[in-house]
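>>> Based on what follows, work out the 3D shape:
(one chain, ligands or ions: 1)
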Amino acid sequence: MASISGICSSSPTLNHQNHSTPKRRRTPLPSFPSRPKPFPPRSLAREAPAQLSSITKPHHAGLEKDSRALWHRYVEWLYQHKELGLYLDVSRVGFTDEFVREMEPGFQAALRAMEDLEKGAIANPDEGRMVGHYWLRDSSRAPTAFLKTQIDNTLDAICSFANDVVSGKIKPPSSPEGRFTQILSVGIGGSALGPQFVAEALAPDNPPLKIRFIDNTDPAGIDHQIAQLGPELASTLVLVISKSGGTPETRNGLLEVQKAFREAGLNFPKQGVAITQENSLLDNTARIEGWLARFPMFDWVGGRTSEMSAVGLLPAALQSIDIREMLAGAALMDEANRSTVIRNNPAALLALCWYWATDGVGSKDMVILPYKDSLLLFSRYLQQLVMESLGKEFDLDGNRVNQGISVYGNKGSTDQHAYIQQLREGVHNFFVTFIEVLRDRPPGHDWELEPGVTCGDYLFGMLQGTRSALYANNRESLTVTVQEVNPRSVGALIALYERAVGIYASIVNINAYHQPGVEAGKKAAGEVLALQKRVLAVLNEASCKEPVEPLTLEEVADRCHAPEDIEMIYKIIAHMAANDRALIAEGNCGSPRSIKVFLGECNLDELYA
Ligand SMILES: O=P(O)(O)OC[C@H]1O[C@](O)(CO)[C@@H](O)[C@@H]1O
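Numbers count the residues shown, from 1 in each chain. This next block holds a predicted model:
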């Protein structure tokens, strides 16, 4: 059907790479810049601490280098959560006692704001919403009995559904195996990143159901996931996850999966599960079509803090991950984070270090380096949690602040052989968070690959060596240590960062719980697709003429009444030409003015519609 001529058959301009390292404005900083004034915390606790004057970094020559003094600082500031076996070492961040004193009133106000938030205050003023992800792991804190019951009932429903699927009580309609063997999770952003991180961190080597993800509207990526499932599509449970129930990428993923089911002669509704807000488009579709199950996503849980809702818990439970342990770890961490003493409150300590390291304006990037393969996706998970929460143009008073902290990372020691060279010696625009896991392997599995040395000792040595080498060059770092990667520690890590983000946002006076910037891109994407429809209509009209009338790009733009959109029209045509779309583009894509375009087929129905 498609006919392409000229060299327009390969799209010259459309491939924009997604880099995991976000681009950011580089602000030249003197080696020890003045601290900006901390913004008086507002949001919920509106009182501005009177003594928050300018907070300045002392003009000493560098970080503490005397090893005894450093050891003293390490011991003095080391945070330990005994029950969780979690430590936070902030000794390699150079904040001073004076800085902590000056920040104290701001932190107290932020902690009061957090207390109000947990009691059900409208903490997301723009959207008029409560922010209740903390209730998910301790429903007794929910502000009403109704919400408590909703949380408890949903958790019970998740556990019972997962048990029934894993045990084979709930069966796929036409699988020879007689039980579900695969999960295909369709969702994006907060509806994918938590489940991906947790699956990578905690799924057993042979889970009862293996999980794979469609988290984009990339047709090749979708095809790949479906092809990998092969005949097991018949025993695949499809989780469609979307809080709003209307996200285009997720809708497209669903439509593509439904098409694959039709082509395989399978009955999609009997294998489909929706996780979404009540009465969303997705919820209504699932209800009307009679999908296998539906689980609620609550209005008061944001996408990026939804890992402990059905969004994260259902996929985890289906992989036999102990979700009650995850919740327990998060609840213990939440409790610790309610301390009003900064040094006893790990989330506040993190926020304090972020403020110090980034001057409270995001002047340095947060590099997350877990020394454990299973925590590989933690940095990607945190990228959304931190950047979507803190990356805001305006503060709560409407001042333009362009806040945020850029997050990237991968894993150690792998990154030693990639970008650590630059961290040690290159541009000084970051601080590092090491994630250390004390237990190398399950007990009884270790062996010495050299006398007295195990593989895990090497990993440990690499972490310690990198930390020391960075510090020696005045590069600041934090270290979070856990005993092992298990549901409890992963729950605690998620809770730690969720709260640190909330506290930090309060300190810099921004709304951490909305994402107005995302809408601009979504709206623009919608406009491009609308323009594409107009381009097709104009081309159809010209192509239905006798003889066919090939059009230049200028002519297409004029007839679309969109001369200002000519570049976008060129890109639309190049994209369609590269994709066999019954479009004939003659000329050279490298010289857009030479292009003439028409359709290989004339659609009279559309013309006279
Ligand atoms: O769960 P939904 O409504 O499909 O949204 C997915 C993601 O899209 C965003 O709204 C941003 O576009 C995220 O905040 C969210 O996690």
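>>> Buried residues of stretch 252-262, list them for me.
Of all the residues in stretch 252-262, those buried under the rule 16 or more other C-beta atoms under 10 Å are 252-254, 256-258, 260-261. Where you see a C-beta, it was placed from the backbone N, CA and C, and this is true even at glycine.
>>> Those residues in helices, which ones?
Those of the buried residues of stretch 252-262 mapping onto helices are 252-254, 256-258, 260-261, per DSSP state H.
>>> Show me what counts as buried in the longest strand along the chain.
Secondary structure assigned by DSSP state E gives strand 430-437 as the longest strand of the chain. When neighbours are counted by 16+ other C-beta under 10 Å, the buried residues of strand 430-437 are found to be 430-437.
>>> Which members of the residues you listed additionally contact the ligand?
Taking C-beta under 6 Å from any ligand atom, there is no overlap between these and the neighbourhood of the ligand.
>>> what secondary structure does the residue lying closest to A234 once chain neighbours are set aside sit in?
In space, not counting the residues next to it along the chain, A234 is nearest to S175; the distance is 4.5 Å by C-beta to C-beta, 6 or more residues apart in numbering. At S175 the chain is in coil, as set by DSSP: H, G, I helix; E, B strand; the rest coil.
>>> For S175, give its distance to D164.
When distance is defined by C-beta to C-beta, to the nearest Å, S175 is 15 Å away from D164.
>>> Please say which of the two ends up with more neighbours.
Using other C-beta atoms under 10 Å as the criterion, S175 and D164 rank with S175 on top: 19 against 13.
>>> Does Q271 touch F261 like I think?
Yes: here Q271 lies in contact with F261, judged by C-beta atoms under 8 Å, at a distance of 7.4 Å.
>>> element containing the residue in the stretch 501-609 of the chain that the ligand sits nearest to?
Distance from the ligand to each residue of the stretch 501-609 of the chain (C-beta to the nearest ligand atom) is smallest for V518, at 3.9 Å. Mapping V518 onto the secondary structure by DSSP states H and E places it in helix 516-543.
>>> How far away from the center of its chain is the helix or strand immediately after that helix in the chain?
Where DSSP H and E defines the elements, the next helix or strand beyond helix 516-543 is strand 551-552. Going by C-alpha atoms, centre = their mean, to the nearest Å, the spacing between the C-alpha centre of strand 551-552 and its chain's C-alpha centre is 43 Å.
>>> Quick check: mean pLDDT of strand 551-552?
Along strand 551-552, the predicted confidence averages to a pLDDT of 97.
>>> Skipping adjacent residues, who's closest to the residue in the stretch 301-450 of the chain that the ligand sits nearest to in space?
In the stretch 301-450 of the chain, the residue found nearest to the ligand is G303; the distance is 2.4 Å by C-beta to the nearest ligand atom. Distances taken as C-beta to C-beta, 6+ apart place G190 nearest to G303, at 2.6 Å, with adjacent residues excluded.
>>> Now do the contacts for that neighbour.
Taking C-beta atoms under 8 Å, 6 or more residues apart in numbering as the contact definition, G190 lies against 243, 302-306, 311, 384.
>>> quick check, nearest of those to G444?
G444 lies nearest to V311 out of the contacts of G190, by C-beta to C-beta, at 35.7 Å.
>>> Up against the ligand, what does the stretch 151-300 of the chain have?
Taking C-beta under 6 Å from any ligand atom as the contact definition, the stretch 151-300 of the chain meets the ligand at 188-191, 242-244, 247, 250.
>>> same question, the stretch 401-550 of the chain
The stretch 401-550 of the chain comes close to the ligand at residues 515, 518, as judged by C-beta under 6 Å from any ligand atom.
>>> If we use 8 Å, what do you get?
Contact residues of the stretch 401-550 of the chain with respect to the ligand, defined by C-beta under 8 Å from any ligand atom, are listed as 515, 518-519, 522.
>>> which of the residues you listed has the most neighbours?
If you count neighbours using other C-beta under 10 Å, the busiest of those is Q515, which has 21 neighbours.
>>> Verify the stated contact: that residue with E388.
Yes: with contact taken as C-beta under 8 Å, Q515 and E388 are classed as touching, separated by 5.2 Å.
>>> and G517, how many neighbours does it have?
Residues within reach of G517, counting by other C-beta under 10 Å, total 12.
>>> OK, contacts around it?
The neighbourhood of G517, defined by C-beta under 8 Å, 6+ apart, consists of 391-393.
>>> quick revisit: please tell me the pLDDT value assigned to the residue nearest to A234.
Checking the pLDDT column for S175, the value is 72.
>>> if I look at it, how far off is the ligand?
When distance is defined by C-beta to the nearest ligand atom, to the nearest Å, S175 is 28 Å away from the ligand.
>>> Look up how far A203 lies from that residue.
When S175 is compared with A203 (using C-beta to C-beta), they lie 21 Å apart.
>>> Would you map the helices across the stretch 301-450 of the chain?
In the stretch 301-450 of the chain, the helices defined using DSSP state H, counting those that start in this stretch lie at 310-318, 323-336, 346-358, 378-390, 420-425.
>>> so which of the residues of the stretch 151-300 of the chain next to the ligand would you say is closest to K148?
The shortest gap between K148 and any of those belongs to K243, at 20.6 Å (C-beta to C-beta).
>>> wait, isn't that closest one in contact with L281?
No: shown here, K243 and L281 do not form a contact pair, counting by C-beta under 8 Å, at 11.7 Å.
>>> what about Y608, how many neighbours?
Y608 has 7 nearby residues by other C-beta under 10 Å.
>>> sorry, that was for K65
The local packing count at K65 equals 11, with neighbours defined by other C-beta under 10 Å.
>>> Distance check, it against R92.
12 Å.
>>> what does W291 give?
51 Å.
>>> of these two, who's got more company?
Taking neighbours as other C-beta under 10 Å, W291 and R92 compare with R92 leading, 23 against 20.
>>> what's around the residue nearest to that one when sequence neighbours are not counted, how many residues?
With sequence-adjacent residues excluded and distances taken as C-beta to C-beta, 6+ apart, R92 is closest to S477, at 4.6 Å. Close neighbours of S477, defined as other C-beta under 10 Å, add up to 24.
>>> domain ranges for this protein?
Residue ranges of the domains in the chain are recorded as 66-118+341-485+497-513, 133-320, 516-597, according to the TED database.
>>> Quick one, which of those gets closest to G491.
domain 133-320 (7.3 Å).
>>> still on that earlier bit, widest-spaced pair of the ones in helices among the buried residues of stretch 252-262?
Based on C-beta to C-beta, the longest span within these runs between N252 and F261 and measures 15.0 Å.
>>> and the closest residue to L539 other than its chain neighbours, what are its bridge partners?
With C-beta to C-beta, 6+ apart as the measure, L599 is the residue that lies nearest to L539, at 5.0 Å, once sequence neighbours are left out. Each beta-bridge partner of L599 is listed here: L583, as defined by DSSP bridges.
>>> And L599, how far from E325?
59 Å.
>>> In three-state terms, label L88 for me.
strand.
>>> Surely V131 is in contact with A123?
Yes: taking contacts as C-beta under 8 Å, V131 lies within contact range of A123: 4.1 Å.
>>> Now list whatever residues contact both of these two.
Between them, V131 and A123 share the contacting residues 117, 513, judged by C-beta under 8 Å, 6+ apart.
>>> From the contacts of G517, pick out the ones that also neighbour the ligand.
Checked against the ligand using C-beta under 8 Å from any ligand atom, those yield no neighbours at all.
>>> Can you give me the buried ones in stretch 237-252?
Along stretch 237-252, the positions that meet the burial threshold by neighbour count (16+ other C-beta under 10 Å) are 237-243, 245, 247, 249-252.
>>> for stretch 513-529, same thing?
For stretch 513-529, burial by neighbour count (16+ other C-beta under 10 Å) applies to 513-515.
>>> Stretch 119-131 now?
If you call a residue buried by 16+ other C-beta under 10 Å, then stretch 119-131 has these buried ones: 120-124, 127, 129-131.
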